[in-house]
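A.B. asks: how does the following fold in three dimensions:
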Amino acid sequence: MAVRHGSREMVSLMAKEQAFHRPGVIAADRHLLLHMNDIAFKGTGNLVAPDEAHVQKIIDFAAGWDDSAPLLVHCWMGVSRSPAAALVAALARVPDQDDRELAQRLRTASPHATPNTRIIEIGDGLLKRDGRLIAAVRAIGRGADADGNAPFVLSIAPDKTG
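C.D. replies: Residues are numbered from 1 along each chain as shown. Below is the predicted model:
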């Protein structure tokens with residue numbers, strides 16, 4: 001996906017035990033690796049729940065992103081952690097957009113996306129969305145079942161050309 005879309009920067013949201021290879025087109029200093037499991041609450045044994053530090057790092061990384069090339073955001077299945085992180089990154093870059101319209105763009109781009117609620121709730125708070133992001137994600141509902149191989153492209157802002 002990095003090569004296909006010409007990405008030079010990447011956010012990876014992976015459980016510590018999940019191994020993957022950073023593509024050579026992504027420089028190590030422009031790769032944000034966050035270790036977390038796809039869970040929505042703390043206290044689940046040895047699993048690592050997304051927390052404020054993780055989400056703040058997504059926001060900070062998005063702020064430093066050179067948007068002349070796509071930002072690749074991925075997790076193990078591409079259904080929960082990465083769609084949530086993509087929404088947070090989009091709002092960090094373009095905060096004046098409508099949360100419901102952004103969530104609907106996500107649903108159109110990925111019928112399988114079911115954004116991780118913990119990342120969404122933390123992002124809503126850190127980005128001062130006053131519950132709008134949470135409500136928008138609830139409005140699109142749970143995505144369709146996926147086999148984990150359902151990449152999608154989400155534009156960070158609405159298309160104003162047409």
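
A.B. asks: check what pLDDT the most centrally placed residue in the chain gets.
C.D. replies: The geometric centre of the chain, computed from its C-alpha atoms, lies nearest to residue 85 (Cα atoms, centre = their mean), at 2.0 Å. At residue 85 the predicted local distance difference test score is 97.

A.B. asks: list the residues that contact the nearest residue to residue 115 once chain neighbours are set aside.
C.D. replies: Spatially, and ignoring its direct neighbours in sequence, residue 115 is nearest to residue 84 (3.7 Å; Cβ to Cβ, 6 or more residues apart in numbering). All C-beta atoms are positioned from the backbone trio N, CA, C, and that covers glycine. Going by Cβ atoms under 8 Å, 6 or more residues apart in numbering, residue 84 touches 115-117, 119-120, 123, 137.

A.B. asks: ok, of the residues you listed, which one's closest to residue 31?
C.D. replies: Residue 31 lies nearest to residue 119 out of the contacts of residue 84, by Cβ to Cβ, at 18.7 Å.

A.B. asks: pull the helix or strand with minimum mean pLDDT from the chain.
C.D. replies: When the helices and strands of the chain are scored by mean pLDDT, DSSP states H and E, helix 2-5 comes last with a mean of 90.

A.B. asks: which residues touch that one?
C.D. replies: In contact with helix 2-5 (Cβ under 8 Å, 6+ apart) are residues 10, 23, 25-26, 69-70, 72, 153.

A.B. asks: would you mark the buried spots in that helix?
C.D. replies: Neighbour-count burial for helix 2-5, counted by 16 or more other Cβ atoms under 10 Å, picks out residue 2.

A.B. asks: elements contacting the helix or strand following it?
C.D. replies: Next helix or strand after helix 2-5 toward the C-terminus (DSSP states H and E): strand 9-14. Applying 3 or more Cβ pairs under 8 Å, 6 or more residues apart in numbering; DSSP states H and E, we find strand 9-14 packed against strand 31-35, helix 52-63, strand 71-75, helix 81-93.

A.B. asks: all set now, cheers.
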